[in-house]
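S.K.: Give me a 3D structure for the following:
(one chain, ligands or ions: 1)
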Amino acid sequence: MAKDEKSRIMNEIVSLCKRRGFVFQSSEIYGGINSCWDFGPLGVELKNNIKRDWWREMVQLRDDVEGLDAAILMHPKVWEASGHISEFTDPLVECLNCHRRFRADEISGDKCPVCGSDKLTEPKMFNLMFKTFIGPVESDENVIYLRPETAQGIYVNYQNVMTTMRQKIPFGIAQIGKAFRNEISPGNFIFRSREFEQMEMQFFVHPDDAERWFEYWRQQRWNWYLSLGIDGGKIHWHQHGPDELAHYAKDAYDIEFDFPFGRKELEGVHNRGDFDLSRHKEFSGKNLEYSDNVSGEKYIPYIIETSGGVDRCALAVLVDAYTVEPEKSNPQKMRTVLKMHPRLSPIKVGVFPLVKKEGMPEIAREIAQELRKKFMVFYDEKDSIGRRYRRQDEAGTPFCVTVDGQTLQDNTVTIRERDTLIQVRTKIDEIAPMIEKYIENWERDKGIF
Ligand code: GAP
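M.R.: Got it, this is the predicted structure:
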């Protein structure tokens, strides 16, 4: 696909996200703030559905992973121990002509990518953590950081969780939460922002078992993206070379996705060795060794980490689902539809009266209210039925229920399916079970009726 075509598609997705209430620019009425985004009514549903699905898979369905919600602000020593104060830096280069700043690795040759000037400063290391002060006194002793990853909250709680939940190695701790990075070059919409959400799981293992668990978690995480209905042809493995490995990692693979702006990281799976617990043992003075009751062996566990971004996953789902195709009834016209897994769809069902009279709105409202007990529902009586369908197609809503003249006689409605556009008639009390069955059995490119 040509570069222009790819950026056209990305622009269309950004504009759909705004138009339908997925993503707004943060503080838009003040001109916006670079690289911060607000998730609107549909965006928050999409993200919640992704997070719920991840939590179900990583915590609810397993007895060897526990959940956690640690504080964003942590003792500043945590970031010394983790290596973030000394190592979490990017080389920053400034153009002395246009004063734009870049990561050194974004510049090819010795010219500014924006104005072409060769007046570039030498790279200076720039720490990506946001700094602030705890309490009212702005002094060096009160410096504190917004966490740049959720992982550290897990390491410092490893013994708390293990003892309270009576876990033994191997076991894991999972957490979803905000992370903050003062990125030099944020961009590509919600792909790289300064405030984002991570879904991280740290699995504590015996050092001899680390490779086996690393392979196991690589497979699990790959399968999860497929289970979200993402096109398997668009995700890829990328193993980190020695010069790419983070300071803590012994081995690392990224799951990458083909975004319109290139193949980029969705999630990292890392073998972090004993780096984290050894460092926290050293800096806190606490004994973080694991003591095996059966063998009597004492050791610092190795950690296998799976670390994905909620915002990046949402973007991948949107990009993958975005479809523009000829309308069935009128192939000269195009329809825009988000063919995402219905499990992730923000709204599961749109409910419409065919016309705003003859008692149809009353019945449709009653149906909508009943369905709301189970699903996110959108009731709509404005504009023609065709336009209402189009709006729900753009929102990725898998079902639209229409109340018409026949409903008044036999309590049946039509249900239209988003991807195939097939419509069937069904009894009102069969709508909910039908939707539930469909969500469970949905497969890419296949209809249900
Ligand atoms: N604890 C390991 C860790 O944080 P990472 O590769 O730096 O590893 C993990 O980040 C994931 O967090 C990435 O794969 C990505 O999905 C997400 N992520 C990282 N930086 C991000 C940013 N600036 N904006 C959005 N998502 C980001």
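S.K.: so which residue of the stretch 201-350 of the chain comes closest to the ligand?
M.R.: Residue nearest to the ligand within the stretch 201-350 of the chain: residue 309 (2.5 Å; CB to the nearest ligand atom). For every residue, glycine as well, the C-beta is placed using N, CA and C.
S.K.: Contact partners for that residue?
M.R.: Residues in contact with residue 309 (CB atoms under 8 Å, 6 or more residues apart in numbering) are 196-199, 266-267.
S.K.: what's the spacing between the nearest residue to residue 404 once chain neighbours are set aside and the ligand?
M.R.: Leaving aside its sequence neighbours, residue 404 sits nearest to residue 354 (CB to CB, 6 or more residues apart in numbering; 4.2 Å). Using CB to the nearest ligand atom, to the nearest Å, one gets 44 Å for the distance from residue 354 to the ligand.
S.K.: And for residue 354, the neighbour number?
M.R.: 21 (other CB atoms under 10 Å).
S.K.: mind checking pLDDT for the residue nearest to the spatial centre of the chain?
M.R.: Closest to where the C-alpha atoms of the chain average out (CA atoms, centre = their mean) is residue 310, at 1.8 Å. Per-residue confidence (pLDDT) for residue 310: 98.
S.K.: Pretty sure it sits against residue 51.
M.R.: Yes. Here residue 310 reaches residue 51: they are 6.0 Å apart, a contact under CB atoms under 8 Å.
S.K.: Mutual contacts of the two, please.
M.R.: Common contacts of residue 310 and residue 51 (CB under 8 Å, 6+ apart): 176, 197, 199.
S.K.: Mind putting those residues into a markdown table with neighbour count, distance to residue 151 and pLDDT?
M.R.: Output for the shared contacts of residue 310 and residue 51, formatted as a markdown table (neighbours: other CB atoms under 10 Å; distance: CB to CB, whole Å; pLDDT from 0 to 100):
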| residue | neighbour count | distance to residue 151 | pLDDT |
| --- | --- | --- | --- |
| 176 | 23 | 12 | 98 |
| 197 | 21 | 13 | 98 |
| 199 | 24 | 11 | 98 |
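S.K.: if we can go back for a sec, correct me if wrong: the residue nearest to residue 404 contacts residue 400.
M.R.: No. Residue 354 is beyond contact range of residue 400, at 11.4 Å (criterion: CB under 8 Å).
S.K.: Could you count how many residues lie near the residue in the stretch 1-150 of the chain that the ligand sits nearest to?
M.R.: The ligand sits closest to residue 149 of the stretch 1-150 of the chain, with a gap of 3.6 Å, by CB to the nearest ligand atom. Neighbour count of residue 149, defined by other CB under 10 Å: 18.
S.K.: Could you do residue 49 as well?
M.R.: Other residues lying near residue 49 total 22 when counted by other CB under 10 Å.
S.K.: so it is in which element?
M.R.: helix 41-55 (DSSP states H and E).
S.K.: What residues sit buried inside that helix?
M.R.: Using 16 or more other CB atoms under 10 Å as the test for burial, helix 41-55 gives 42-43, 45-47, 49-51, 53-55.
S.K.: Next, the residues that contact the next helix-or-strand element following it from outside, please.
M.R.: Toward the C-terminus, helix 41-55 is succeeded by strand 65-68 as the next helix or strand (DSSP H and E). Counting contacts by CB under 8 Å, 6+ apart, the residues outside strand 65-68 that touch it are 55, 58-59, 153-154, 157, 161, 165, 167, 171-175, 201, 203.
S.K.: you'd agree residue 390 is in a helix?
M.R.: Yes. Judged by DSSP: H, G, I helix; E, B strand; the rest coil, residue 390 forms part of a helix.
S.K.: per-residue confidence for it?
M.R.: On the pLDDT scale, residue 390 gets 96.
S.K.: Kindly report the same for residue 192.
M.R.: 97.
S.K.: Then residue 448?
M.R.: With respect to pLDDT, residue 448 scores 62.
S.K.: ok, the residue nearest to residue 444 when sequence neighbours are not counted - how many residues close by?
M.R.: Among residues not flanking residue 444 along the chain, residue 229 sits closest, at 5.4 Å (CB to CB, 6+ apart). Neighbourhood size, residue 229 [other CB under 10 Å]: 20.
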